[in-house]
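Chemist: What follows is a predicted structure for the sequence shown.
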Amino acid sequence: MSSTRSFSIKSLLARHETVLVLVILLEVLLFQTLGKNFLVGKNLSNVFRHSVEIGLLAVAMTPVILTGGIDLSVGSMMGLCAVLFGMMVNRFGLPPYLAGLVAVLFGALGGGMNAVLITRLNLPPLIVTLGTFSLFRGLAEALTKGAESYSGFPKSFLALGNADLAGLPAQIWVFFAVAAAIWLMVHQTTLGRSFRAIGYASEGARYAGIPVARNTSLAYIIAGAVAGLAAVILVARLGEARANAGIGYELLAITAVVLGGVSIFGGSGTVAGTLLGWIALAILNNGLTRISDYRIMDQPVASVARELSGLLTGLLLLAALAIGATMKALAIRRARKQSLSKTTPNPAIS
Amino acid sequence: MKPILQLTAIQKSFGAVRALKGVSFELLPGEVHALLGENGAGKSTLIKVITGAHQPDGGKLIVAGVEVSHLTPAKARELGIACIYQQPALFPDLTVAENIGLRLKKTGALSRIRWASQRTLAVELLHRIGAEISPDAEVGSLSMPEQQLVEIACALGSGARIVIMDEPTASLTQKEQHLLFKVVHDLRASGVGVVYISHRLEEIFALADRVTVLRDGESVGTNPVADLSEAAMIKLMVGREVSSIYPPATGEPGAVVLALKNLGCAASGVSGVTLDVRAGEIVGMAGLVGAGRTELARILFGITPADAGEIGLNGEQISISNPREAIAHGIAYVPEDRRRHGVILEMPIAHNMTMAIHPKIFPGTWLRFGAENLLACEFIRDLGIKAYGPDAPGGSLSGGNQQKVSVARWLATKPKLLILDEPTQGVDVGAKSEIHKIIRELAREGLAVLMISSDLPEVLGMSDRVAVMRGGKLVEMIAKENADAHTVMAAALGTNGKDAA
């Protein structure tokens, strides 16, 4: 029973990832039919160039949400790190790679602050990171007096945000490296295993000798560091460092993670799911800007793409959650039936 | 006398699984009717049919002489059927009186709450069951048994004629048990029919008039309790003769593994505990709930570290400040609350089993799925765990098998000292004796075992020595020869007049 189960079409369809792949295919088909130049190489690489920062935040948010937590401060952390980076390069003349490193370390420090408040003082992650969400952004604005911005970065640095490398946007390679590292951490190490245990039952994990506080802290520190990296990449793409960098990105990242099937209660989910959730969002945002022949409420779709994409993102997320919840309810009902049959033979024994 | 509740040939299937295969059951007014059966025998399903939570697929349900065709939970309440669950379903942030008022008064969303009459009603109901609970106390601040009493008060207040109690004593202290027994007697005297479910046979002997035994979804007979012996009852439940319930001790114990000297922890109310546990020995730990036994285990496991006294392990003085240190020293703790602490229900049993040995089985932090699977399959085989495989989530297993997974997790650490906390609580009789065999086998292999249990026959049957705790102190150490129910209970209650003698 169990050996054939994992390969059946039914269970493949029940997998969240499969549903997302279908959604993505549907999106591509739709935009290719309705829109102009959607599946053109240049546009496709733009889709990803413009959403790498959110992708970075989303993959780094995945371990945090697996532990049953959340980090609302990463978008603000991007603003703060962007400003710090700009100041270091522009005002103090640090070379960009060094300033970038400092920005990443500073992000880790901010994540560490979240971690201490959450794990040592046992405060709820939602409230702690809501606080640092305001704090980090406020600091960024104070540093720039609300108006200043930094630009005039060296060309070699701007290439990170705008050039291609081996046929793909340069920053995509950074993203691949980070995503691969986090995939390895979540799925192939004891740390990742412990994130799940903590998310399912943090007390239970403690009783099994898992260093709950230390490992939870690591998730937040990594999220902070990656936010610092995302800030540097954003600055490289825009050529400008402002305090408002990354506003609202935390919510988009969380949307991608949840859309990807990671349980907001912690425990279950995959990095691959997050990636698919991110791709589905990225394509939706870009695709709408390509539809100029069709009108909605007397406006060309492309001109209201922003508003429309917010609306559709919301619908997509709610639909995905509803489908997920229904699937889960069905699975529980199945499991209940199964557990009632006491006589189930044990293939592991025979 | 006419039965107040009559079930005839009730059937219920879940998909292909037949949970109830035509069960008949009757309850007379003024009767305590015990329902017995191993986990999975169909007790819960039967209860859910009576309370209207499940619709039976076949059979007749007659309440007070009237056939009820389509019972819903609301209708069941109207008919005077009340169920008291192990885990009371009350609002923790409301007071006792508010909870009782909410449960009993049918009010619209905007109707006024009459605080005075609500409180009077609560006082009266609590008085009727002899509970010393303030109606103004917040339910969240009450102990589990006190909350159960509030539930009973609700049932009484709703004028229930049929009261179902599902393992009501699982978390009660001796004193609270007596109080509960008295309440059950009063209910019976006032003509209420009580369906009583418990794994503790001695309670059934003390309380019940008749007993119906379920096995594999079938009723294997209803008998007056007076006609059955304990052995006969167990035989009915498991369908086989359990000749020797407890495996015998073998051999002499070895060197001292655990040596505690005046151990204490102010925060958890344990003080001055001096105790030795030897290799190959099972020391049973008896005492009332709240006597500090679990608290002592938590100290030894580093969850609430000690602040006084000494811990010696294999002759070495050690300190334990968190579970990881305890594990590193070779101490394993199978916790009391299996579902919250013992097994992570959503995770595969293989993951559960390796959870305490991550550094050992996954050196360099990389997961090795092959090694993990192999280990899990070995434990599934060795401990006879019934599961469809190492990938089965912990929650899909029955209570007894979950407990075996919890034990497996700690055996995997290759401990020197194994602390078991209520190892067979909520476990059916068959799995219980298997777990007993496993524990004895482990001791035989040279493990030092400290077994906390509120199940007196288990303590007496399994232990080589019995340590009795009371009020956070270890008050008696009783050798096996001298340990009987009376001496242990007397020590636990503090009525043995040791000071006088």
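Modeler: The structure has been received and is ready for your questions.
Chemist: Enumerate the residues of the stretch 51-200 of chain A near chain B.
Modeler: A:187-194, A:196-197, A:200 (C-beta under 8 Å from any C-beta of the partner chain). Any C-beta I mention is one placed from the backbone N, CA and C, and that applies to glycine too.
Chemist: Buried among those? Need that as a selection in ChimeraX.
Modeler: Here is the ChimeraX command that selects only those of those that count as buried (16 or more other C-beta atoms under 10 Å in any protein chain shown):
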select /A:188,189,190,191,192,193,194,196,197,200
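Chemist: farthest-separated two in the residues of the stretch 51-200 of chain A next to chain B?
Modeler: Within those, A:Q188 and A:Y200 form the most distant pair, 18.9 Å apart (C-beta to C-beta).
Chemist: quick one: the residue in the stretch 101-250 of chain B positioned nearest to chain A from B:G37, how far?
Modeler: Taking C-beta to the nearest C-beta, chain A has its nearest neighbour within the stretch 101-250 of chain B at B:D216, 7.5 Å off. Counting by C-beta to C-beta, to the nearest Å, the separation of B:D216 from B:G37 is 9 Å.
Chemist: Which one's more surrounded, the two?
Modeler: Each of B:D216 and B:G37 had its neighbours counted (other C-beta atoms under 10 Å in any protein chain shown), and the higher figure belongs to B:G37 (26 against 17).
Chemist: A:L44: neighbouring residues, count only.
Modeler: Neighbour tally, A:L44, other C-beta under 10 Å: 16.
Chemist: Mind checking which of the residues of the stretch 51-200 of chain A next to chain B land in helices?
Modeler: Here DSSP state H is the test, and those give A:187-188, A:190-194, A:196-197, A:200 as lying in helices.
Chemist: And the contacts of the helix or strand bottoming out on mean pLDDT in chain B?
Modeler: Least confident helix or strand of chain B, by mean pLDDT, DSSP states H and E, is helix B:230-238 with a mean of 76. For helix B:230-238, the surrounding residues in contact (C-beta atoms under 8 Å, 6 or more residues apart in numbering or on different chains) are B:36-38, B:41, B:201, B:204-205, B:211, B:213, B:215, B:220-221, B:228, B:241-242, B:245, B:428-430.
Chemist: Can you name the helix or strand that the nearest residue to A:L251 once chain neighbours are set aside falls in?
Modeler: Of all residues not flanking A:L251 in the chain, A:G75 sits nearest, at 7.5 Å (C-beta to C-beta, 6 or more residues apart in numbering or on different chains). Assessed by DSSP states H and E, A:G75 sits inside helix A:74-90.
Chemist: Near chain A, which residues of the stretch 151-300 of chain B? Just list them.
Modeler: Neighbours of chain A within the stretch 151-300 of chain B, by C-beta under 8 Å from any C-beta: B:D216.
Chemist: can you map out the strands along the stretch 151-300 of chain B?
Modeler: Counting by DSSP state E, counting those that start in this stretch, the stretch 151-300 of chain B has strands at residues B:162-166, B:193-197, B:210-215, B:218-224, B:256-265, B:270-278, B:282-287.
Chemist: could you redo the ones in helices among the residues of the stretch 51-200 of chain A next to chain B as a markdown table and give each row pLDDT and distance to B:P393?
Modeler: A markdown table is the format used below for these (pLDDT from 0 to 100; distance: C-beta to C-beta, whole Å):
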| residue | pLDDT | distance to B:P393 |
| --- | --- | --- |
| A:H187 | 96 | 18 |
| A:Q188 | 96 | 21 |
| A:T190 | 96 | 20 |
| A:L191 | 97 | 21 |
| A:G192 | 96 | 18 |
| A:R193 | 96 | 15 |
| A:S194 | 97 | 18 |
| A:R196 | 97 | 12 |
| A:A197 | 97 | 13 |
| A:Y200 | 95 | 10 |
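Chemist: in the stretch 1-150 of chain A, which spans are strands?
Modeler: Using DSSP E, counting those that start in this stretch, strands in the stretch 1-150 of chain A cover A:150-151.
Chemist: could you point out where it is predicted with low confidence?
Modeler: A:1-14 (pLDDT under 70).
Chemist: Got phi/psi on the spatially closest residue to B:I331 that is not a sequence neighbour?
Modeler: If you skip the residues right next to it in sequence, B:I331 has B:L417 as its closest partner in space, 4.9 Å away by C-beta to C-beta, 6+ apart. Dihedral pair for B:L417: phi -120, psi 130, per degrees, to the nearest 10.
Chemist: so B:L417 touches B:A443, yeah?
Modeler: No: if you go by C-beta atoms under 8 Å, B:L417 and B:A443 don't touch, sitting 11.3 Å apart.
Chemist: So out of everything in the stretch 51-200 of chain A, what residue is nearest chain B?
Modeler: A:T190 (4.2 Å).
Chemist: Excluding sequence neighbours, find me the nearest residue to that residue.
Modeler: That would be B:H358: by C-beta to C-beta, 6+ apart, it lies 4.2 Å from A:T190.
Chemist: show me what contacts A:S217?
Modeler: A:S217 makes contacts with A:112, A:115-116, A:118-119, as judged by C-beta under 8 Å, 6+ apart.
Chemist: Highest neighbour count among those?
Modeler: A:A115 (27 neighbours).
Chemist: Quick check: which element contains the closest residue to B:Q6 other than its chain neighbours?
Modeler: Nearest residue to B:Q6, sequence neighbours excluded (C-beta to C-beta, 6+ apart): B:I62, at 4.2 Å. Using DSSP H and E, B:I62 falls within strand B:58-63.
Chemist: so where do the helices sit in the stretch 101-250 of chain B?
Modeler: B:115-128, B:144-157, B:174-189, B:201-207, B:230-238 (DSSP state H, counting those that start in this stretch).
Chemist: quick one: the helices in the stretch 251-350 of chain A?
Modeler: A:271-288, A:305-340.
Chemist: For chain B, which of these is the nearest?
Modeler: Of those, nearest to chain B by C-beta to the nearest C-beta is helix A:305-340, at 4.2 Å.
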